[in-house]
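Engineer: Model the structure of this input:
(4 chains)
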There are 2 protein chains.
Amino acid sequence: MTEEARSRIVDAADALFYARGFGQVGMDAVRDAAGVSLKAIYKQFPSKEDLIIAVLEKRHGMWTSGVEGRVNAIADPVERLIAVYDFLADWFCEADFRGCGFINAFGELGAASPRVAEAVRVHKAGFQAYVARLAEEAGAPASLAPQLAILAEGAQVTAAIAGTSEAAAQARAAAEYLIAGALAAARGLPA
Amino acid sequence: MTEEARSRIVDAADALFYARGFGQVGMDAVRDAAGVSLKAIYKQFPSKEDLIIAVLEKRHGMWTSGVEGRVNAIADPVERLIAVYDFLADWFCEADFRGCGFINAFGELGAASPRVAEAVRVHKAGFQAYVARLAEEAGAPASLAPQLAILAEGAQVTAAIAGTSEAAAQARAAAEYLIAGALAAARGLPA
DNA sequence: TCGTCTGGAGAACGTACGTTCTCTAGACGC
DNA sequence: GCGTCTAGAGAACGTACGTTCTCCAGACGA
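Structural biologist: I've put the predicted structure just below:
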């Protein structure tokens, strides 16, 4: 029961934080949205910062399973890399898309909360490591993965601010070209 | 005199907002840092939001002049495009670098303040238009510029969160490859 | 010199919000 | 049946902060 309450709190807080920003959402609003008492929230999360960390952890899990689910539906190693951008394209089209919650969190709280900053760093490092693994499985040199990750980050920022989803396709096109070039060079070099 | 006070206020506020985030800086802190009275601030800026907008406008000017200054030191059209990433590299190495102030502002206030969201949109649209102009002058097809802009945005985010400057060089390398490919295609197509 | 006006310093006000406390009602073991 | 414990609802508390007000000192024109 306490576990279900916890996830109800985290889900409600996540939706509110993502939609409005952390500073614009009070614990009262979380309480109302989650349908629990303030005491119940503070029992699970001693402070708002703890709740924010929990929200980021949940969001990390959702992001990871979302990307990996999309990638794992594909077998071809190169297509698997590119599937990341198709995942982004779908995400950007969602009505409530408002950018990467981690980038937003870092911008708002990165300087004030070392724990938030660290959670964001861990999340982004995890994504970079995942892309690096996909790139390696595709036979690309190590220099490719950071470039692909940068494209993905830039697409998220651009789509959020512009309010359009076209950045996903643009990033995808750039990624395709970079991948093709990296693979051609890799096939050429280890003669 | 009032003009000098205004810029003192904006400069002080910009430094504080950028370093800590908007919500973490009260008007009292701005007053102390600017060395003016609260009344003087509210005379120039009827509300905190107005001050934030003014800070973003100043920051837009500094960014624009910084990038264009770097680019204009170079003649070769392709090198001018690439100079954008060298500008980023220098910026990322600054001790107080904490990401793009506009991306941070959008993450924190984009949902709460339409004026802030619009200022960020205008800023990013201006950068995209500038890159598009540089790309056109280099003879590249229109599809290149958005890709280069996305790389620049992604580099800013990645460098800020990772706390390292390597993203600039990675984005630069990707940009060089994309530019070379786009120019080769452009030379090939219009036979 | 005197009235007026500006601007500074800082108190004050109202509100929002993170956090805690109070009170109550039900559940559960003896 | 009775003490104890938990949990809920919501009040309450303290603080932070955006904004305004008060008071006063100096400048400047008549």
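Engineer: For A:Gly139, give me the backbone phi and psi.
Structural biologist: When read as degrees, to the nearest 10, the backbone of A:Gly139 gives phi 90, psi 20.
Engineer: got a list of what it touches?
Structural biologist: With contact set as C-beta atoms under 8 Å, 6 or more residues apart in numbering or on different chains, A:Gly139 has these partners: A:Pro77, A:Leu183, A:Ala186, A:Arg187. C-beta here means a position set from N, CA and C on the backbone, and glycine is covered the same way.
Engineer: quick one: the helix or strand hosting the third one near chain B?
Structural biologist: For A:Ala186, the element it lies in under DSSP states H and E is helix A:166-188. Yes. Applying C-beta under 8 Å from any C-beta of the partner chain, one finds helix A:166-188 touching chain B at A:Glu166, A:Ala167, A:Gln170, A:Ala171, A:Ala173, A:Ala174, A:Tyr177, A:Leu178, A:Gly181.
Engineer: Does A:Trp91 belong to a helix, a strand or coil?
Structural biologist: Assigned by DSSP: H, G, I helix; E, B strand; the rest coil, the conformation of A:Trp91 is helix.
Engineer: re the thing from before, check which residues of the helix holding A:Ala186 are buried.
Structural biologist: Judged by neighbour count (16 or more other C-beta atoms under 10 Å in any protein chain shown), helix A:166-188 contains these buried residues: A:167-175, A:177-179, A:181-183.
Engineer: still on that earlier bit, got the residues of helix A:166-188 next to chain B as a markdown table, with distance to DNA strand C and pLDDT columns?
Structural biologist: As requested, the residues of helix A:166-188 next to chain B are exported to a markdown table (distance: C-beta to the nearest atom of the strand, whole Å; pLDDT from 0 to 100):
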| residue | distance to DNA strand C | pLDDT |
| --- | --- | --- |
| A:Glu166 | 34 | 97 |
| A:Ala167 | 31 | 98 |
| A:Gln170 | 37 | 98 |
| A:Ala171 | 35 | 98 |
| A:Ala173 | 42 | 98 |
| A:Ala174 | 40 | 98 |
| A:Tyr177 | 45 | 97 |
| A:Leu178 | 42 | 98 |
| A:Gly181 | 48 | 95 |
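Engineer: interface residues of chain A facing DNA strand D?
Structural biologist: A:Thr2, A:Ala5, A:Val36, A:Ser37, A:Leu38, A:Lys39, A:Ala40, A:Lys43 (C-beta under 7 Å from any atom of the strand).
Engineer: from those, which is closest to B:Val122?
Structural biologist: Distance to B:Val122 across these (C-beta to C-beta) is lowest for A:Leu38, with 40.5 Å.
Engineer: give me the number of residues near the residue nearest to that closest one when sequence neighbours are not counted?
Structural biologist: Spatially, and ignoring its direct neighbours in sequence, A:Leu38 is nearest to A:Arg31 (5.1 Å; C-beta to C-beta, 6 or more residues apart in numbering or on different chains). Look at A:Arg31: counted by other C-beta atoms under 10 Å in any protein chain shown, it has 19 neighbours.
Engineer: Not counting its neighbours along the chain, what's nearest A:Ala185?
Structural biologist: Using C-beta to C-beta, 6+ apart and skipping the chain neighbours, the partner closest in space to A:Ala185 is A:Pro141 (7.0 Å).
Engineer: show me what contacts that neighbour?
Structural biologist: Contacts of A:Pro141 by C-beta under 8 Å, 6+ apart are A:Ala182, A:Ala185, A:Ala186.
Engineer: re the thing from before, okay if I get the residues of helix A:166-188 next to chain B as JSON lines plus distance to B:Glu108?
Structural biologist: Below are the residues of helix A:166-188 next to chain B laid out as JSON lines (distance: C-beta to C-beta, whole Å):
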{"residue": "A:Glu166", "distance to B:Glu108": "25"}
{"residue": "A:Ala167", "distance to B:Glu108": "21"}
{"residue": "A:Gln170", "distance to B:Glu108": "26"}
{"residue": "A:Ala171", "distance to B:Glu108": "24"}
{"residue": "A:Ala173", "distance to B:Glu108": "31"}
{"residue": "A:Ala174", "distance to B:Glu108": "28"}
{"residue": "A:Tyr177", "distance to B:Glu108": "34"}
{"residue": "A:Leu178", "distance to B:Glu108": "32"}
{"residue": "A:Gly181", "distance to B:Glu108": "38"}
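Engineer: Can you pull out the low-pLDDT segments for chain A?
Structural biologist: For chain A, the stretches flagged by pLDDT under 70 are A:1, A:189-191.
Engineer: what's the domain layout of it?
Structural biologist: As assigned by automatic domain parsing, chain A contains the domains A:1-46, A:48-188.
Engineer: ok, the closest residue in space to A:Arg187 that isn't next to it in sequence to A:Ala152 distance?
Structural biologist: Spatial nearest neighbour of A:Arg187, chain neighbours left out: A:Gly139 (7.9 Å); criterion: C-beta to C-beta, 6+ apart. Counting by C-beta to C-beta, to the nearest Å, the gap from A:Gly139 to A:Ala152 is 20 Å.
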